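*Asks:* Model the structure of this input:
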Amino acid sequence: MKGDKKLTSICICDDEKQQRNMLNKIITREMDLWGYPYQIKEYSNGESLVYNLEHENYYIDIIFLDIELEKSNGVDIAKTIRKHSKDTIIIFVTGFSDYVFHGYDVGALNYILKPYKTEKICKVLKEALKKLEQWKENFITVHIGTNLCKINTKDILYFKSELRKLTVVTFDKTLEYYGKLNDMETVLPSNFIRTHQRYIVNLNHVDSITQTYAKVQNEKIPISRKKYQEVVGKFTRYMLEP
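*Replies:* Modelled structure (predicted):
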């Protein structure tokens, strides 16, 4: 199975350790077999998961979520996930088929009944990965501490590099993480350009350009003398595109 080789963030939330271990083992085996880079996080309760979503910039690509958790309801957890991301793929796991229809309220992709059947898990996982591939080009994932944070490139205003750290500024947040602008240049779409040794800007959000800076949402992003002609040329071509 072919993938775009971007890191996939997978979450398993189930209050039964044996069930988590079993699901983790199957997912790990299949992801290794298909050659996908991935990260799996396990949660034994919904409260810890929600905390990470709300306070730790944790992003989930795919979640296997138990509907009947000991202290919380999986459907309620799914609704919280939806508030933070419309794109997270939710797969419910349950021991009771009566709960299946609850998934429609939160746009769940599928459900898996307990006891687990390997064939079913593989089928649903493939379905989820295929869906991810359809839109993942519009996103980048970065490590914030021990978590993965997913950012829509359309929302990014610019990147700034300082002391081995990158700062990414979007419409509604600013995030810092360890990284290099050279590496970021290779994964960003063509509407991004390096204006300076320390800056990359999104041409979609450039209002104007002078000889020394690009104006982005009332901020002045430096343009080096070496980069000026390249930036002006690309910005002009970009603005003339239909």
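
*Asks:* List the contacts of Val201.
*Replies:* 157-159, 192-193, 195, 214, 216, 221 (Cβ atoms under 8 Å, 6 or more residues apart in numbering). Using the backbone N, CA and C atoms, a C-beta is placed for each residue, glycine as well.

*Asks:* any idea how far Ile209 is from Asn52?
*Replies:* From Asn52 over to Ile209 the distance is 40 Å, taken as Cβ to Cβ, to the nearest Å.

*Asks:* what do you get for Lys180?
*Replies:* From Lys180 to Ile209 the distance is 25 Å (Cβ to Cβ).

*Asks:* quick one: which of those two has more around it?
*Replies:* Per other Cβ atoms under 10 Å, whichever of Lys180 and Ile209 has more neighbours is Ile209, with 19 against 12.

*Asks:* What's opposite the more buried one in the beta bridge?
*Replies:* Ala214 (DSSP bridges).

*Asks:* Can you name every helix or strand that the helix or strand containing Glu133 contacts?
*Replies:* Taking DSSP states H and E as the definition, one finds Glu133 inside helix 118-135. Using 3 or more Cβ pairs under 8 Å, 6 or more residues apart in numbering; DSSP states H and E as the contact test, the elements touching helix 118-135 are helix 17-34, strand 62-66, strand 89-94, strand 110-113.

*Asks:* So which of those is nearest Asn138?
*Replies:* Nearest to Asn138, of all the helices and strands packed on helix 118-135, is strand 89-94, at 15.2 Å by Cβ to Cβ.

*Asks:* For the helix or strand containing Ile10, output the C-alpha coordinates as CSV.
*Replies:* Of the helices and strands defined by DSSP H and E, Ile10 is found in strand 8-13. Extracted in CSV, the C-alpha atoms of strand 8-13 (Å, rounded to 0.1, in the frame of the first residue of the first chain):
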residue,chain,number,x,y,z
THR,A,8,0.7,9.6,10.8
SER,A,9,-0.5,10.3,14.4
ILE,A,10,-2.6,7.5,15.7
CYS,A,11,-4.5,7.4,19.0
ILE,A,12,-6.0,4.5,20.9
CYS,A,13,-8.4,5.4,23.7
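
*Asks:* got the angle between it and strand 62-66?
*Replies:* 10 degrees (axes from the mean of the first three to the mean of the last three Cα atoms, to 10 degrees).

*Asks:* Now do strand 8-13: distance to the chain's middle.
*Replies:* A distance of 11 Å separates the centroid of the chain from that of strand 8-13, by Cα atoms, centre = their mean, to the nearest Å.

*Asks:* buried sites along that strand?
*Replies:* 8-13 (16 or more other Cβ atoms under 10 Å).

*Asks:* so what does it touch, helix or strand wise?
*Replies:* Packed next to strand 8-13, using 3+ Cβ pairs under 8 Å, 6+ apart, are helix 17-34, strand 38-43, helix 46-55, strand 62-66.
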